[in-house]
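In: A structural model of the following input is requested.
(one chain, ligands or ions: 2)
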Amino acid sequence: MIKKSRKVRDYKELTRALPTQTYLDPETVYIHLQNGRCKTYDLYVDEGDHVDFGEVIGVRHGGFFEQPIHATISGTIGKIGKKLHRTGRKVDCIEIKNDFKNTYHKTITDRPDHVIDKLDQDDMVEILKQKALVGLGGSGFPSYIKLATKETINHVVVNAVECEPYLSSDYRLILDRPEEVIMGLKYVMQALNCEHGMIAIKADKNPLYEVLTQVIERRYSDLNIEVVRLGNYYPQGWEIEVFKNALGIEVPHGELPMSYGVLGFNVSTTAGIYNAVKHNLPVVERYFTLTGDAINYPQNYRVRVGTSIQDLIRQSDGYKEDFDEVLVVMGGPMMGVSTVSDDVIVSKTTTSVIVLKNTEYKEEPCVRCGSCVYSCPAHLEPVQIMNAVKRNDKDQMKSLHADRCIECGLCAYVCTSKIHVTDYVRKAKRLIR
Ligand code: SF4
Ligand code: SF4
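Out: Ligands and ions are numbered 1, 2, ... in the order given. Predicted coordinates:
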């Protein structure tokens, strides 16, 4: 039975229509000192030190860049411990205990519009570097490196497709703060001297279309920014798919979109760029979805980076019943990482946490139905890659181009036999790296 599918049930109705809950005053935040891209760090503070909101407390070291670490509340530095990161690994985290005074660091000052109007690419790159802007849709890639491109950019695209099931935080961010997204796009266009901006949404998201087009028409009609509606399938939010369908630009595997004159930014990143340029704010907060069938009141939150998920589960009236075990998915259910612990925090790149009843799925043997092959957006043969992993045949994994997998999760989703095919392909990528 071939079950080709690029439609996944989205479950967004759990949270999409609800107003965003603001939760900006947690007792404690926990700031990851390491992440998927930065293995080492230096700290500039000691236990007991006082820090202000937005103050630099250390620096993370990545392979080819450094990233300041900022305090996301004002208060007192506590201990360093370990917390799970979105990468699935436990990493060092430092506590900051809130003094509830919300004292801003002296660097957090508004930049007047007449000053912003004169900023060029180098100025904006420096601002994003100092404010540690990264891809907040989950990539974590430093935004200043993207913005520093020397290629001619003809189109800047804000990716607001949000195709992962359950997630609606980008949706709420646009409804609540459309101007931040539009202004962030304007600043990127200014930095790159780019004439054309685009905000890509899913075709069925009429409220987004309404709000964005109205704000653009009434307040920003001088900017060449259009809103495009793309198909309702998964993974339409994959950047390469967005560029192809919104602009007709096909970026071959292994090449960079900027070589084709196009650059994309996630919605939260674009709003973050606005806040960095206009208010000199680092990424101290984010929109975030807490949802799933195991909690009483799924909803979107506006939270400080470093907020404990256990705090937010309490804010959401706790678990529905006393489950023996819940499954906690950090990120979307298709591409995220699952754990059974809710002792996790909202990092810059955590778009969502989904808490589900932990149902065990029994894998059946592969029936060679081909569903995973027909559904793969990267045109791979996931079942063959899985077989190569079982044989530890790295040559075969390479010749099947396992490295081109975008880890969208579709092969596991459609699998007739409930096999975690994506996990095998991920493993193949690691083995041949
Ligand atoms: S092989 Fe990779 S890209 Fe293809 S469906 Fe599976 S996870 Fe997606
Ligand atoms: S791995 Fe699953 S989807 Fe792929 S061929 Fe086998 S049974 Fe079908």
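
In: can you list contacts of stretch 106-116?
Out: Here stretch 106-116 makes contact (C-beta atoms under 8 Å, 6 or more residues apart in numbering) with 52-55, 187, 277-281. Using the backbone N, CA and C atoms, a C-beta is placed for each residue, glycine as well.

In: So which of those is surrounded by the most neighbours?
Out: Counting by other C-beta atoms under 10 Å, residue 277 has the largest number of neighbours within those, with 26 neighbours.

In: which ones are touching that residue?
Out: Residues counted as contacts of residue 277 (C-beta under 8 Å, 6+ apart) are 111, 116, 119, 124, 127, 184, 187.

In: and the second one, how many residues sit next to it?
Out: If I follow you right, that is residue 116. By the criterion of other C-beta under 10 Å, residue 116 has 18 neighbours.

In: what's the answer for the first one, then?
Out: Look at residue 111: counted by other C-beta under 10 Å, it has 14 neighbours.

In: Quick check, pLDDT for it.
Out: On the pLDDT scale, residue 111 is placed at 98.

In: What distance do you get for it to ligand 1?
Out: With distances taken as C-beta to the nearest ligand atom, to the nearest Å, residue 111 is found 41 Å from ligand 1.

In: ok, back up a step: which among the contacts of residue 277 gets closest to residue 349?
Out: For the contacts of residue 277, the residue nearest residue 349 by C-beta to C-beta is residue 184; the value is 17.2 Å.

In: so who does the residue most central in space within the chain touch?
Out: Centroid-nearest residue in the chain, with C-alpha atoms, centre = their mean: residue 137, separated by 1.9 Å. Contacts were defined as C-beta under 8 Å, 6+ apart; by that measure residue 137 touches 159, 170, 266-269, 349, 351.

In: For the residue in the stretch 201-350 of the chain that ligand 2 sits nearest to, give me its contacts.
Out: Evaluated by C-beta to the nearest ligand atom, the stretch 201-350 of the chain has residue 334 as its residue closest to ligand 2, separated by 15.2 Å. Shown in contact with residue 334 (C-beta under 8 Å, 6+ apart): 8, 164-165, 234-235, 408-410, 413.

In: What lies in contact with stretch 146-156?
Out: Residues from elsewhere that reach stretch 146-156, judged by C-beta under 8 Å, 6+ apart: 121, 124-125, 128, 185, 188-189, 191-198, 247, 249, 258-259, 261-265.

In: Give me the subset of the residues you listed lying in helices.
Out: Where the contacts of stretch 146-156 overlap with helices, as defined by DSSP state H, the overlap consists of 121, 124-125, 128, 185, 188-189, 191-192, 247.

In: going on from the worst-scoring helix or strand of the chain on mean pLDDT, what's the next piece of helix or strand?
Out: Among the secondary structure pieces of the chain, namely its helices and strands, strand 337-339 has the lowest mean (mean pLDDT, DSSP states H and E), a mean of 86. Taking DSSP states H and E as the definition, the helix or strand that follows strand 337-339 towards the C-terminus is strand 352-357.

In: Neighbouring strands of that next one in the sheet, and parallel or not?
Out: The strands beside strand 352-357 in its sheet (DSSP bridges) come out as strand 285-291 (parallel), strand 326-330 (antiparallel).

In: outside of the longest one, which residues touch it?
Out: Contacting residues not belonging to strand 285-291 are listed as 11, 14-15, 20, 24, 72, 136, 166-170, 172-173, 176, 268, 298-305, 309, 312-313, 316, 346, 348, 350-355 [C-beta under 8 Å, 6+ apart].

In: For the stretch 301-433 of the chain, list the residues in contact with ligand 2, please.
Out: Selection of the stretch 301-433 of the chain residues close to ligand 2 by C-beta under 6 Å from any ligand atom yields 366-372, 383, 414-417, 419, 421.

In: And the helices in the stretch 201-350 of the chain?
Out: Assigned by DSSP state H, counting those that start in this stretch, the stretch 201-350 of the chain shows helices spanning 206-219, 239-247, 267-279, 309-315.

In: just the ones in helices among the contacts of stretch 146-156 now: which is nearest residue 36?
Out: Checking these against residue 36 with C-beta to C-beta, the nearest one is residue 128 at 19.1 Å.

In: which regions of the stretch 1-150 of the chain sit below the pLDDT cut-off?
Out: 1-5 (pLDDT under 70).

In: Relative to ligand 1, which residue of it is the closest?
Out: Among residues of the stretch 1-150 of the chain, the one nearest ligand 1 by C-beta to the nearest ligand atom turns out to be residue 6. It sits 9.8 Å away.

In: Check the stretch 201-350 of the chain too.
Out: Using C-beta to the nearest ligand atom, residue 235 is the residue of the stretch 201-350 of the chain that sits closest to ligand 1, at 7.4 Å.

In: from memory residue 58 sits against residue 45, does it?
Out: Yes. Taking contacts as C-beta atoms under 8 Å, residue 58 lies within contact range of residue 45: 7.0 Å.
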